[in-house]
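In: Return a 3D structure for these sequence lines:
(4 chains)
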Number of protein chains: 2
Amino acid sequence: MKMSTRSIYGLRALIDLGLHAETETVSLQSIASRQNISINYLEQIMPLLKKAGLITSSRGAQGGYRLGRPADEISVGDVLRVLEGDLRAVRCQCGSCDSICTGGSEQGSEQGSCFSADQCVARHVWKQINDSITSAVDTLMLSSLLKEGRADCGTEQNDH
Amino acid sequence: MKMSTRSIYGLRALIDLGLHAETETVSLQSIASRQNISINYLEQIMPLLKKAGLITSSRGAQGGYRLGRPADEISVGDVLRVLEGDLRAVRCQCGSCDSICTGGSEQGSEQGSCFSADQCVARHVWKQINDSITSAVDTLMLSSLLKEGRADCGTEQNDH
DNA sequence: TCCAATTCCGACCATTTTCCTCGGATTTCA
DNA sequence: TGAAATCCGAGGAAAATGGTCGGAATTGGA
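Out: Next up, the predicted model:
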């Protein structure tokens, strides 16, 4: 029940891009040093964000990354779903089998173990937890984080 | 960002206790078979719940477990905090160091890496996620799960 | 008094996931 | 052409996960 550092780094990188890549592309190098993240590791994270369309890249000298679309069209949920995978803390709503259930009215059709009274009770719990996480991350936009960032910490700007 | 099976099993065991241990104690054996959980593994989970006071036990023949206090005084959060540890998905609110921050106004006093503008922005995200999880699990009581369980699935009662 | 049922305890272990590192290939601008 | 970048895949150490196992301690009942 812990967020992976991959997600943490990824979101920080995206915030970094939003703050620094308005006019020109930003290199992995500079993100990594500003954010104090291993370049090698970040090099592994960025392609995921790219494949999801959250960032774009240009190769070669003077290359780097930029946001793939406006910051107010990127939710924290978008980012975390790419890096963290499925955001549901408990995958199967019935809490017993590993299959991906829709949480609808049917009770696990393939696993006999899904039929116990106690197990179908637990579903309500997992659904509430999943829903609360989802709504939290989906309503929070990158743009509002950037705004907060500029307001709160505008004083200290290391490099350009 | 996944709930461990330990937590899932533990909550199911507690629900089982609530439903079946009203008059007498319930053995590990019977919980495990009803819930379709490995006895050996459950044997490792129950002591944690006991140490936290959520259940009581009696050893020897005819021994077993019961709830440690009324079901309406046990929240899902109580259970998960015992089995899952700290429920905050991201431990340090500044998202960069591993120390346990309070999320207050001070910025990581020991780690220089906590001072970057971008990092203090990310704190808002983690706090929102953490808070939404916390409020979800802390307002949900075991008693209401039991009530739902008896209403929804009252028809199928395997053994006494 | 002894047996069976039960919790308690600690050691062990296989698999998976996490968090990286490394070397090189490829692209591009100056 | 060469330096600065991204891209790509392999590998690997450490931790977490999800168990198993054997036996000790306790207790009620025959």
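
In: alpha carbons only for contacts and neighbour counts from here, please
Out: Will do.

In: Identify each buried residue in stretch A:47-66, please.
Out: Residues A:48, A:49, A:50, A:52, A:54, A:55, A:56, A:57, A:64, A:65, A:66 are the ones in stretch A:47-66 that count as buried (16 or more other C-alpha atoms under 10 Å in any protein chain shown).

In: Let's see the pLDDT reported for the second one.
Out: The predicted structure scores residue A:49 at 98 on the pLDDT scale.

In: That one: what secondary structure?
Out: Under the three-state scheme (DSSP: H, G, I helix; E, B strand; the rest coil), residue A:49 adopts helix.

In: Do I have it right that it meets residue A:55?
Out: Yes - judged on C-alpha atoms under 8 Å, residue A:49 makes contact with residue A:55 at a distance of 6.0 Å.

In: How about residue A:54: what's its closest non-neighbour residue?
Out: residue A:68 (4.7 Å; C-alpha to C-alpha, 6 or more residues apart in numbering or on different chains).

In: Run a quick neighbour tally on that neighbour.
Out: When neighbours are counted by other C-alpha atoms under 10 Å in any protein chain shown, residue A:68 registers 16.

In: again, but for residue A:23
Out: 7.

In: Helix, strand, or coil at it?
Out: Taking three-state DSSP as the rule, one finds residue A:23 in the coil state.

In: ditto for residue A:56
Out: Classification of residue A:56 using three-state DSSP returns strand.

In: That one reaches residue A:63, doesn't it?
Out: No - using C-alpha under 8 Å, residue A:56 makes no contact with residue A:63, being 10.6 Å away.

In: OK, contacts around the residue nearest to residue A:54?
Out: Contact analysis of residue A:68 by C-alpha atoms under 8 Å, 6 or more residues apart in numbering or on different chains lists A:50, A:53, A:54, A:55, A:56.

In: near DNA strand D, from those residues?
Out: residue A:50 (C-alpha under 7 Å from any atom of the strand).

In: helix/strand/coil for the residue most central in space within chain A?
Out: With distances taken as C-alpha atoms, centre = their mean, the residue of chain A nearest its centroid is residue A:80 (1.4 Å). Taking three-state DSSP as the rule, one finds residue A:80 in the helix state.

In: Verify the stated contact: it with residue A:9.
Out: No - in this structure, residue A:80 is not within contact of residue A:9 by C-alpha under 8 Å, at 10.6 Å.

In: got the residues of chain A near DNA strand C?
Out: By C-alpha under 7 Å from any atom of the strand, the residues of chain A that approach DNA strand C are A:4-6, A:38-41, A:44, A:58-63.

In: correct me, but residue A:71 touches residue A:142?
Out: Yes - Residue A:71 is within contact range of residue A:142, at 5.2 Å (criterion: C-alpha under 8 Å).
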